[in-house]
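Enquirer: got a predicted structure here, sequence first:
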Amino acid sequence: MATEKTLRCPSHSQSAKPRVNTRRNSDTSFDFFHRDQEYAFKWAKNCCNTKNKTGSIAIQPSSIRELNLHFQLSKPSSGPVLCQWAIFNRIPTEVLSMVYLIFLGGVVGFLGVSIDVLIWYFTLGHTHFMNLSPWIAGKFVLWCLYIVVFLVAAVMITQNVGPNAKGSGIPEMKCIIGGVWLKRYLGMDVFLAKVMGLTLAIGSGAFIGKEGPMVHLSSILEDQLTKRFGVFGKLRRNPAMMQQLLAAACAIGVAANYGAPFGGLLFSIEVTSTYYPIRNYYYSFVCSLSGSLAFLILWNTFLGQPIGTPFLPSEQRCNVTLEHFADFFTSAIIGLCGGVMGFIVIRGYSAIMWLRRTYSEFPLFFPYPYTMAIAFLTGIFTFPFLVGDIISMPSKTMMVNMFDPEFQFSQVSDSVFGYTLQMPREAHYGILIVVHLVLQILTMSLPVPLGIMSPTLALGTVMGYLIATILSNVPAFHLVNVHAMAMVGAASMATGVTQTLSTAILIVEMTGEFQVIILAMFGVVISMAVSSSLGQDIFEVILQLRRLPYLPSLNVSSSVIKARDIMDTSYPIINVATVHVPELMNLKKLKLTASDNDLLSHQQYAIVDQNEHFFGSIPEAAVEMALTRIKNKEISHDQLRSCLEEYSREYNEFVVPFTFSPETTLEQVHSSFVTLRLPIAFVTTQGKVLGTITRQKVMDLAYLGDAAQIVKHFVQKRQTQMEETEEDNTDLIDSNEGLGIIN
């Protein structure tokens, strides 16, 4: 029989303290992310409300394991808790994790194919719906009506079923993998809203992809499968393993979208991680490989193609010899243009979101009118008889045509409402690029599930094709393969927007044209240099616009700034020797920096003894619990101090407070917050608390930019503090003179 651990409440014994036996066995020790601290205290609160016959609280080792699994404690029984999945606990973790990753890859691959099949039928339905009218005007009305209805339905489902389903999903996953748990973001309601809204939005014909939402969907599946299937409960009890599984889920989201295991893995690492443990690489690759294989097998079976067919196949291989300087020069030009156009996309999106936020009360910027306006514009410019039928094609079809050496310009319609226009093909593609660029920027601001990768790749394909076509008219560039340069353009444009280097590998795996890898990498490197020098990538911009608590990289090489410069000295400190109820009531009313953002609600208070020596911390939930117990007369005012002391002692057995010395550099502080996923840290010297550093504070410094701006910021801060001190001294002297203290 399992041994019991006892926590005795002061309400039953005035001399007893709320203590849990601190002996740890190999089967009862556990740890968890700081995101789960609130769950631990909910568990402790449930323990305080559940008493056995002796008036004490019985906590069994099996219940502690259940806390690590569910982060809450069920009502304890008199005997050991029996688990129907206990037999699976005997399976080695490595074997169980491999089985789970392969299973997860198959599920995500099936989900990706299912969404693509539905989108394929919706796209066919769009054309058939337009052809119901024999007149051009009627076709135009039906074409626009189809887009408006589908996009409005996507917005309606997203807002009413799962509001957290809107957007890409990659910025939010960056936060979760970074250690900040976003509440209600990996729930089944978000999953349903994401699937339905994404299918309707892409099926409408808007410039939307599904790679970002697939990353989100795969992460939801990973969380829900381990939660709902007891066979995988052993994996969920291991927080480090859960972190690895989340990283693998992000990789499979991209790999199962394009059938590209290597490119999907590297892309997910670049866009979701600031700090990436190398141990995650193996699990992520196994998961991405299984997902991409499942996707290719199911998708090619649906199309009736050989199983090994790439996602974007071409009828004829692009022969690139790399014997001419013209190939590299053309790739450099395409990379330069890709970086500039990527910056235009990012700045255009930021401008539109600023307008929507500034003029949010304007009726046009309400969700439904705004969606209808953009849907109508999309219908106008994608109408097959206006700019040309290639812009009305899905992103995949457009890229397949551009990558195919047998594709000819004569396949593109260049008539407006039945009247033939005589224009060069370069001008036609120039108009196509402008229209595609504007519509993509507008579509990115819609409140629906959307990805940006597929339309960006399609836009880059047209750009690379156009540049290569123009240069091929020059005698020195007549041997340039325009279709290979279209692939270089796709990779360069995607790099310009996302600032990732893995897009070159991604495009090569999608097409199977491995001869283009050198030219694609050459263009991608140039695009990356141009885009990063002009500004941030699209995901960093979204993080800032949505005020998500992600900790970016710190671009500071100076060691001048220390922990003493950035710490907050006004942070409350609880002295157990002098604490009283009114002081705790005032703490509840304080709005500190760490609690301004609901996503960073990990507020903790430093606990010091009568000599002001720091010996631990206590979360806000424990303070509220103590006040509640006083209100319910479970403990007296005199027992408050010992109660807080014991709460802090037991809490710090599971969550050890992290401390810095005042001389710790800003780079070291930032690295500690990133690698350890800290919500808060304390600055101490010789056992005394000098101040605190919150995650929000480090985020603000990281977003300031380079070292010069940060140093300037602190110089201004010190000057302001000195001026305030001088003003306070002046006011004190004036008041003393008024009282006659100073003659």
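Expert: All right, it came through fine. Numbering: from 1, shown residues only.
Enquirer: for residue 443, see how far away residue 465 is.
Expert: To residue 443, residue 465 is 22 Å away according to C-beta to C-beta, to the nearest Å. For the C-beta atoms, the positions are set from N, CA and C on the backbone; glycine is no exception.
Enquirer: those two: who's more crowded?
Expert: residue 465 (27 against 23; other C-beta atoms under 10 Å).
Enquirer: how much space separates that one from residue 434?
Expert: 15 Å.
Enquirer: for residue 93, same thing?
Expert: 54 Å.
Enquirer: how about residue 517?
Expert: For residue 517, the distance to residue 434 - C-beta to C-beta - is 30 Å.
Enquirer: out of these two, which sits in the busier spot?
Expert: More neighbours surround residue 517 than the other of residue 517 and residue 434, with 17 against 12 (other C-beta under 10 Å).
Enquirer: the more buried one contacts residue 508, correct?
Expert: Yes: using C-beta atoms under 8 Å, residue 517 is in contact with residue 508, at 5.0 Å.
Enquirer: can you map out the helices along the stretch 501-650 of the chain?
Expert: Counting by DSSP state H, counting those that start in this stretch, the stretch 501-650 of the chain has helices at residues 503-511, 517-534, 538-545, 563-566, 581-589, 593-596, 620-631, 640-654.
Enquirer: worst mean pLDDT among the ones you listed?
Expert: Lowest mean pLDDT within these: helix 593-596, a mean of 38.
Enquirer: only the buried residues of the strand or helix carrying residue 283, if you could.
Expert: Using DSSP states H and E, residue 283 sits in helix 279-303. By neighbour count on 16 or more other C-beta atoms under 10 Å, the buried set for helix 279-303 is 280-281, 283-300.
Enquirer: tally up the residues packed near residue 618, please.
Expert: Neighbours around residue 618, by other C-beta under 10 Å: 25.
Enquirer: next one: residue 518
Expert: 16.
Enquirer: ditto for residue 661
Expert: 14.
Enquirer: skipping adjacent residues, who's closest to it in space?
Expert: Leaving aside its sequence neighbours, residue 661 sits nearest to residue 685 (C-beta to C-beta, 6 or more residues apart in numbering; 6.4 Å).
Enquirer: what's the one you found sitting at in phi/psi?
Expert: Dihedral pair for residue 685: phi -150, psi 130, per degrees, to the nearest 10.
Enquirer: residue 497 too?
Expert: Per degrees, to the nearest 10, the backbone of residue 497 is at phi -90, psi -50.
Enquirer: so it touches residue 537, yeah?
Expert: Yes: assessed by C-beta under 8 Å, residue 497 is found in contact with residue 537 at 7.1 Å.
Enquirer: more crowded one of those two?
Expert: Legend: neighbour count by other C-beta under 10 Å for residue 497 and residue 537, higher for residue 497 (31 against 22).
Enquirer: per-residue pLDDT of the more buried one, please?
Expert: We have a pLDDT of 94 for residue 497.
Enquirer: contact partners for residue 426?
Expert: Shown in contact with residue 426 (C-beta atoms under 8 Å, 6 or more residues apart in numbering): 466, 469, 470.
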